[in-house]
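Enquirer: Okay, predicted coordinates and the sequence, questions at the end:
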Amino acid sequence: MKALVTGGTGFIGSHLVDSLVSKGHEVRVLLRKKSNTKYLENLDVEKVYSDLNDKNSLKKAVENVDVVFHLGAIFNYWVPRDLIFDVNVNGTKNILDACLDANIDRFVHCSTIGVMGPTGTSPVNETAPYNPGGSTYTQSKCEAEKLVLKYYAEQKLPVTVIRPAVVYGPRCFYGMYDGITAAANGKLSAILGPGDNYVSLVYVSDVVQGFELAAGKEKAVGEIYIIADERPQTLNELFITMAKVFEINPPKRHVPVQVAKFMAFIYEMKASLTGGTPMFTGHSIDFMMTNHAYDISKAKLDLGYESKISFEEGLKRTIDFYRENGYIR
Ligand SMILES: NC(=O)c1ccc[n+]([C@@H]2O[C@H](COP(=O)([O-])OP(=O)(O)OC[C@H]3O[C@@H](n4cnc5c(N)ncnc54)[C@H](OP(=O)(O)O)[C@@H]3O)[C@@H](O)[C@H]2O)c1
């Protein structure tokens, strides 16, 4: 297979590129002049300089490829609405348009479980209604996903949508990274809220597995798949496993939601005034405090997806990477 990967310089995309190359596929990576190519340096890949907002260069980028893995996006809760929509929605439209003329076999789109919003305590599947909430990031991902499915419905473009849960693993420098560095520095002191809400995670190689399986299955055309761990875990369970891996005591204190929200407000205000990025935002607190429980039966049945890396194992591998590369002691 000849594949184009957008977002191939990022956290998840670079792992996908690694895996495709290791399996002998021909890989073209879409990157920008300013992209950090650290993870591509020793790989035999074709580099094409483009941008999701540069329609002409995208035409060239999709020429003669069988599969487009579209992971390129702004993944940030603190970016102006216009900018994030321009890349995540208009950029997706631009590459879909380019694909219409390119005769590709499959367009695998990276969405997120965030388009379904918080759940109850029982896992929900792909039929749950869209509910992206107030975050511009999830709203943009929701619009992008709808657009991808529209190109399937109206233009017969062979698409598959993957909705990963919260992804962690080597090369990840946000989300779980903050929790892991806090634990490594002895600062895993309190759990946000009661800790009985469900969180859904997935180790990066399992997400890659989901992408690769989806690209090769005829049944996956026009379909959406949630890719996550076998079962969600509570925030309390997550902290217990982290403490176990770091051989420390799990935190006993719980930070009240209102206190966390107030801190987020202060961080946001400070960031607005200084132009920086808040350590966390009201939206990220909302995300961490609510239930996110997802059912992966459809991916297992249609794709043969298997959640292979347990949270404990994934955490150990991730910590090893941070240690080996000097990010934590
Ligand atoms: N991480 C998660 O927990 C998670 C969960 C669910 C879904 N996702 C989705 O997974 C995908 C990859 O996310 P990630 O976590 O790997 O994020 P990431 O590390 O920030 O990677 C984002 C990638 O998008 C590229 N990109 C951004 N703007 C672009 C533009 N205008 N033109 C071309 N490329 C552009 C970046 O290229 P540069 O190197 O040039 O900046 C980078 O390669 C995204 O679609 C995200 O929404 C992530």
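Expert: That came through, no problem.
Enquirer: quick one, what contacts the closest residue in space to Asp86 that isn't next to it in sequence?
Expert: When the adjacent residues along the chain are set aside, Asp86 lies closest to Asn53, with 6.3 Å between them (C-beta to C-beta, 6 or more residues apart in numbering). Using the backbone N, CA and C atoms, a C-beta is placed for each residue, glycine as well. Contact analysis of Asn53 by C-beta atoms under 8 Å, 6 or more residues apart in numbering lists 86-87, 90-91, 94.
Enquirer: For those residues, could you give me TSV that also reports pLDDT, neighbour count and distance to Lys141?
Expert: As requested, the contacts of Asn53 are exported to TSV (pLDDT from 0 to 100; neighbours: other C-beta atoms under 10 Å; distance: C-beta to C-beta, whole Å):
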residue	pLDDT	neighbour count	distance to Lys141
Asp86	98	15	14
Val87	98	19	11
Asn90	98	17	13
Gly91	98	24	12
Asn94	98	21	16
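Enquirer: wait, which of the residues you listed is closest to Val257?
Expert: Val87 (31.6 Å; C-beta to C-beta).
Enquirer: TSV for the contacts of Asn53, including distance to the ligand and secondary structure?
Expert: Compiled in TSV, the contacts of Asn53 are given as follows (distance: C-beta to the nearest ligand atom, whole Å; DSSP: H, G, I helix; E, B strand; the rest coil):
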residue	distance to the ligand	secondary structure
Asp86	8	helix
Val87	4	helix
Asn90	10	helix
Gly91	6	helix
Asn94	9	helix
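Enquirer: What is the nearest of these to Phe239?
Expert: Val87 (34.0 Å).
Enquirer: All the strands of the stretch 151-300 of the chain, in order from the start?
Expert: Using DSSP state E, counting those that start in this stretch, the strands found in the stretch 151-300 of the chain span residues 159-164, 166-168, 190-192, 198-199, 201-203, 223-227, 233-234, 253-255.
Enquirer: Do me a favour and average the pLDDT over the last one.
Expert: This points to strand 253-255. For strand 253-255, mean pLDDT is 93.
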